[in-house]
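Engineer: Quick one: sequence plus predicted model below, questions after.
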Amino acid sequence: MKPTEWPNVTLRELTLDDAEDRYQWCLDREVTKHLNMPEKYPPFSQEETLAWIDMCIKRTNGYEQKAIMTKEGKHIGWIDLKNIDRLNKHAELGVAIGDKTYWGRGFGLAAMREMLQWGYEELGLNKIWLRVEVDNEKAIKSYRRMGYVDEGLLRQDRLRNGEFVDRLRMSILREEFFSGEDVSSKV
């Protein structure tokens, strides 16, 4: 699927009404497997989910988090920039398509494109990086299609189900994103 074939999505500010969708998605272990969440089930209570959404809305937790919406107006996930370093002009990206009926159809890529553009243009960032578990092959493939390149391996970087897992650190620079250049062959 080429970028011109990606679905249309919009990113909108979160509302408290998003908490119920988020809570339901977090009850699905397949959705949360690769997300950095507490080692308990459910990972968050409804009250904790609502409080988190409220902190995102008020921007008191360091996250610039947006809801991912289909062109029909359906809320299908979230995307954020966090660990924003305004001095060095970089931030970490996180994305989740919570509604599994939209998995594998380009919605995550389309949302990333929108968030990357927003981060570069509105926040003035130069680099947007992420961490992804090495066994999350579908996500790694998507990030590479977006233009992300590997920066290095973070050994035993996340505790998941009582075991440490390695994560890749990947990034895309402003100039790479706006040039549309395929940088994956340079690594």
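Structural biologist: Great, that's in hand. Numbers count the residues shown, from 1 in each chain.

Engineer: When you work out contacts or count neighbours from here on, use the C-alpha atoms and nothing else.
Structural biologist: Noted.

Engineer: Which neighbouring elements make contact with the helix or strand of the chain with the lowest mean pLDDT?
Structural biologist: None of the helices or strands of the chain scores lower by mean pLDDT, DSSP states H and E than helix 29-32, at a mean of 82. Counting contacts by 3 or more CA pairs under 8 Å, 6 or more residues apart in numbering; DSSP states H and E, helix 29-32 packs against helix 18-26.

Engineer: Next, the buried residues of the helix it packs on.
Structural biologist: For helix 18-26, the neighbour count (16 or more other CA atoms under 10 Å) marks 18-19, 22-23, 25-26 as buried.

Engineer: Would you mind checking which of the residues you listed is nearest to Gly77?
Structural biologist: Arg22 (7.7 Å; CA to CA).

Engineer: Distance check, that closest one against Leu153.
Structural biologist: Here the criterion is CA to CA, to the nearest Å. By it, Arg22 lies 30 Å from Leu153.

Engineer: show me where the chain has strands.
Structural biologist: Ranges of strands within the chain are 9-13, 64-70, 75-85, 90-97, 127-133, 149-160, 163-173, based on DSSP state E.

Engineer: Dump those strands into TSV; add mean pLDDT as well.
Structural biologist: Shown next, in TSV, are those (pLDDT from 0 to 100):
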stretch	mean pLDDT
strand 9-13	97
strand 64-70	97
strand 75-85	97
strand 90-97	96
strand 127-133	97
strand 149-160	96
strand 163-173	97
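
Engineer: Turn the ones you listed into JSON lines, including mean neighbour count and distance to Trp118.
Structural biologist: Formatted as JSON lines, the strands of the chain follow (neighbours: other CA atoms under 10 Å; distance: least, CA to CA, whole Å):
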{"stretch": "strand 9-13", "mean neighbour count": "17", "distance to Trp118": "10"}
{"stretch": "strand 64-70", "mean neighbour count": "22", "distance to Trp118": "10"}
{"stretch": "strand 75-85", "mean neighbour count": "20", "distance to Trp118": "10"}
{"stretch": "strand 90-97", "mean neighbour count": "22", "distance to Trp118": "12"}
{"stretch": "strand 127-133", "mean neighbour count": "21", "distance to Trp118": "11"}
{"stretch": "strand 149-160", "mean neighbour count": "16", "distance to Trp118": "20"}
{"stretch": "strand 163-173", "mean neighbour count": "18", "distance to Trp118": "13"}
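
Engineer: Can you check which of the ones you listed gets nearest to Val31?
Structural biologist: strand 90-97 (7.9 Å).

Engineer: ok, Cys56 to Ala19 distance?
Structural biologist: Distance, Cys56 to Ala19, by CA to CA: 11 Å.

Engineer: about what we covered before: run through who's touching the least confident helix or strand of the chain.
Structural biologist: The contact list for helix 29-32 (CA atoms under 8 Å, 6 or more residues apart in numbering) reads 25-26, 96-98, 100.
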